[in-house]
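>>> When you get a sec, could you give me coordinates for this:
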Amino acid sequence: MIEGFLFEELGVHTGFPFGYYEYNFPPYILGIPVAVILAWGIFSFLSSLALIPLKGQMKKIFLFPILMVTIDLAVDPIMVTAGAWKWLTVTSPNWFGIPYTNFLGWFLVSLIIAVSYFPWNKVIRWKERNTAFYLLLPLDYFLLIFNFFLHAKPQLTEPLLISTIISALLIGGIYSWSFKGG
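The predicted structure is shown next:
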């Protein structure tokens, strides 16, 4: 959450790493919407929960940014359509009007979060990860994105369907790896 906030603060003022954008989503802390700050924490938490069944910090460090970007593939079109923020950076290609620089930025920030978190997090051991409870945690991640799809405005059906399919494939891969001992 702290890393997300710091990079949002940097991004609003410099355009790095996401591109240039403006918020219209009060209340703010130092120009960043409180909801955006909280979203970095919530999305990081759900993405890290999805990775609990996996052994190996490198797999988690690699997959965490992909999970985070997949969430943003769903969230950003929703928020732009709602008028919560506006993109000033225009790129080609783009994701339904969202510049690709945003997703590169999300990947970079999420990689920094993963590198700062996973090597040090040894709280949940593999034996505990085999319990049914821990094997259900990746579903929370999928259900977040699926919920966005279920409640999408008609003009958002395509990006949210695509992000839902990507999330299902990612969670399927995580389950496949975890059941193969990985």
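
>>> distance between the ends of stretch 43-62?
In stretch 43-62, first residue to last residue: 16 Å (Cα to Cα, to the nearest Å).

>>> In that stretch, which residues are buried?
43-44, 46-54, 57, 59-61 (16 or more other Cβ atoms under 10 Å). Any C-beta I mention is one placed from the backbone N, CA and C, and that applies to glycine too.

>>> what's the answer for stretch 72-82, then?
Asp72, Leu73, Ala74, Val75, Asp76, Pro77, Ile78, Met79, Val80.

>>> next SSE after the helix or strand of the chain with the lowest mean pLDDT?
Lowest on mean pLDDT, DSSP states H and E among the helices and strands of the chain sits helix 126-129, with a mean of 52. Following helix 126-129 in sequence order, the next helix or strand is helix 132-150 (DSSP states H and E).

>>> and after that following helix, which helix or strand comes next?
Taking DSSP H and E, what comes next after helix 132-150 is helix 157-179.

>>> Pretty sure Gln155 sits against Thr81.
Yes: contact criterion Cβ atoms under 8 Å: Gln155 and Thr81 qualify, at 6.7 Å.

>>> Just want the most central residue of this protein.
Met68 (2.2 Å; Cα atoms, centre = their mean).

>>> wait, it sits on Ile42?
No: the pair Met68 / Ile42 is not scored as a contact, 11.1 Å apart, by Cβ under 8 Å.

>>> what sits in contact with each of those two?
Common contacts of Met68 and Ile42 (Cβ atoms under 8 Å, 6 or more residues apart in numbering): none found.

>>> which secondary structure element contains Ala74?
Secondary structure (DSSP H and E) places Ala74 in helix 57-82.

>>> I'd like to know how many residues surround the closest residue to Leu73 other than its chain neighbours.
Among residues not flanking Leu73 along the chain, Ser163 sits closest, at 4.1 Å (Cβ to Cβ, 6 or more residues apart in numbering). Ser163: 24 surrounding residues under other Cβ atoms under 10 Å.
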